[in-house]
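*Asks:* What would the 3D arrangement of this be:
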Amino acid sequence: MGVHRAQLGILIRGLQLLVPGGRLVYSTCSMNPVEDEAVVAHALLKLAEEGGDPVRLKPVEDELPQLKRASGVSQWRVRYRGSWYDDYDAVPEKLKKDRKILPTMFPPTAEQLAPLDIHRCMRVLPHYQDTGGFFIAVLEKLPSPPAAQAAVETISSEDADMLAAELVGRSVVTALASVEAEAASEELKPTIRSQEGAKAGSHVLRTLHCAPTNNGGYDALYSLTPGWLGEVRAFFGLSEAFDMSRLVSRSITGKQIFVLSKPVIALLRSDKHTKFKLVNTGTRILERSEIRGLPFPFRLAQEGVHALVPHMGRQLLFAPPEDLKLLLLRHNVKISELPTEALRTAAAAAAPGALAIVLDEDGTGRLLPEKPPMLVLAGMRSLSNPGFLELNVKKAEASSMLRRMGHVEPADPPPAGDGAEGEDAMDDGGEAGASCAAGTAADAPAGGDEPMRNA
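*Replies:* Now for the predicted structure:
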């Protein structure tokens, strides 16, 4: 309820700034129509009143066909402190006067709703595919009318480039090409307050962006040295299509590396007076590993591994479903015990350290541009030979992935005294539960060749 006014204002402003032909995605993690369909519907009505380029809800039924979703709703009630209201007329005058409940929180009339196609909104419900709850609306500003479009077409390409550069503050190409040129002229600025006294990582080059009030954890971003970025490219065999300047650190220590989009990088570089205050940005893609002796002392993070996989030529394994299920069940597996020979050979040939494991349903052993992989996992290969494969995936997340692959969890064991002897009863202690713990213990080799543990 409290954020409805802010959400509506943000969406209206975003749509006003949208260029003809551009798209804006409005998404929340709320299932409350007051934050969802009400915001979208009244934003569209407001823009229609203002005139200008028309905006519509874009049909996306054919996008992500495997994602189960429900359509947007067109009717709802508003609740405030235990009371439900069917329309704004039923709201007590005091609540209206105090602006606790606004007219825009209610559904528009049927006549107003008809042209909005509010059913094109998407509701991703948690019980559909074991996900979080999300509301998604894709809005598109339609191209200008023919007369206006003809005027736009008279702009020269040079003027168009200048206009684009002005809109972003500085063109993406210029911003990204100047990374190394500026390296020698800038020094690391003071770290944010929570990092005072921290030792800068040798791979941290300089401050990319630092807010004027640097009190929080994400107020500063740091670019990385060209030499270290070259190591990343060489270790994973990254193609030239992947722009290494997208990798940054949110800490002067550089223990975690994040990936940003090109437009965000360009926007931050254009903010010369650091007027933007960062709250959060980037997806974690690499984390420092404490395992000594690795050729590249970072491991892949599960949340960002998908961003690298399409560009990787090394440290990339393709696992049939049976191998992937085994890894998800046991978390670390001897390479010699992997069911598929092709995966055993590829894993043994991989360098120790970080690698990505792709679900290979069709047995092609390669990425297919027309069919993105359903599942990508971050993993590690141990230093020993033939060694182990270990996943950098939380156990709760691994269980969720197993359910999506059709794996049925075993039933709980009977209580002691009811058919199970005390010594034979399963012990539910340990990190991975009884079944995983037993499997890991049985597979642990003698001596120092133990499975790796997450740092």
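*Asks:* Now the residue nearest to residue 229 when sequence neighbours are not counted: phi and psi?
*Replies:* Spatial nearest neighbour of residue 229, excluding adjacent residues (C-beta to C-beta, 6 or more residues apart in numbering): residue 244 at 4.2 Å. For glycine as for every other residue, the C-beta is placed from the backbone atoms N, C-alpha and C. Dihedral angles of residue 244 (phi, psi; degrees, to the nearest 10) stand at phi -70, psi -20.
*Asks:* Then residue 140?
*Replies:* With angles defined as degrees, to the nearest 10, residue 140 sits at phi -130, psi 130.
*Asks:* picking that back up, give me every residue that touches the residue nearest to residue 229.
*Replies:* 229, 230, 232, 233, 238 (C-beta atoms under 8 Å, 6 or more residues apart in numbering).
*Asks:* Now do the SS call for the third one.
*Replies:* The three-state assignment at residue 232 reads helix, by DSSP: H, G, I helix; E, B strand; the rest coil.
*Asks:* Hmm, it is touching residue 238, no?
*Replies:* Yes - between residue 232 and residue 238 there is a contact at 7.0 Å, judged by C-beta atoms under 8 Å.
*Asks:* Look at residue 308 and tell me its secondary structure.
*Replies:* Using three-state DSSP, the structure places residue 308 in helix.
*Asks:* Run through the residues that contact it.
*Replies:* So residue 308 contacts 236, 238, 242, 285, 300, 356 (C-beta under 8 Å, 6+ apart).
*Asks:* how does it look with 10 Å?
*Replies:* If you count contacts by C-beta atoms under 10 Å, 6 or more residues apart in numbering, residue 308 has them with 232, 236, 238, 242, 247, 259, 285-286, 300, 315-316, 354, 356, 376, 378.
*Asks:* Cross these against helices and list the overlap.
*Replies:* If you go by DSSP state H, the contacts of residue 308 have 232, 236 in helices.
*Asks:* Tell me where the chain is predicted with low confidence.
*Replies:* In the predicted model of the chain, residues 1, 144-196, 211-219, 407-455 satisfy pLDDT under 70.
*Asks:* Tell me the spacing between residue 270 and residue 248.
*Replies:* Residue 270 sits at a distance of 16 Å from residue 248 (criterion: C-beta to C-beta, to the nearest Å).
*Asks:* Residue 100 too?
*Replies:* 42 Å.
*Asks:* quick one on the thing from earlier: between the contacts of residue 244, which is nearest residue 53?
*Replies:* Relative to residue 53, the closest of the contacts of residue 244 is residue 238; by C-beta to C-beta it sits at 39.7 Å.
*Asks:* residues contacting the closest one?
*Replies:* Neighbour list for residue 238: 229, 232, 244, 308, 310, 311, 312, 313, 314 [criterion: C-beta under 10 Å, 6+ apart].
*Asks:* Could you tell me which of those count as buried?
*Replies:* For these, a burial check counting by 16 or more other C-beta atoms under 10 Å picks out 229, 232, 244, 308, 311, 312.
*Asks:* Find the nearest non-adjacent residue to the fifth one, please.
*Replies:* Spelled out, it's residue 311. Nearest residue to residue 311 in three dimensions, chain neighbours excluded: residue 242, at 3.9 Å (C-beta to C-beta, 6+ apart).
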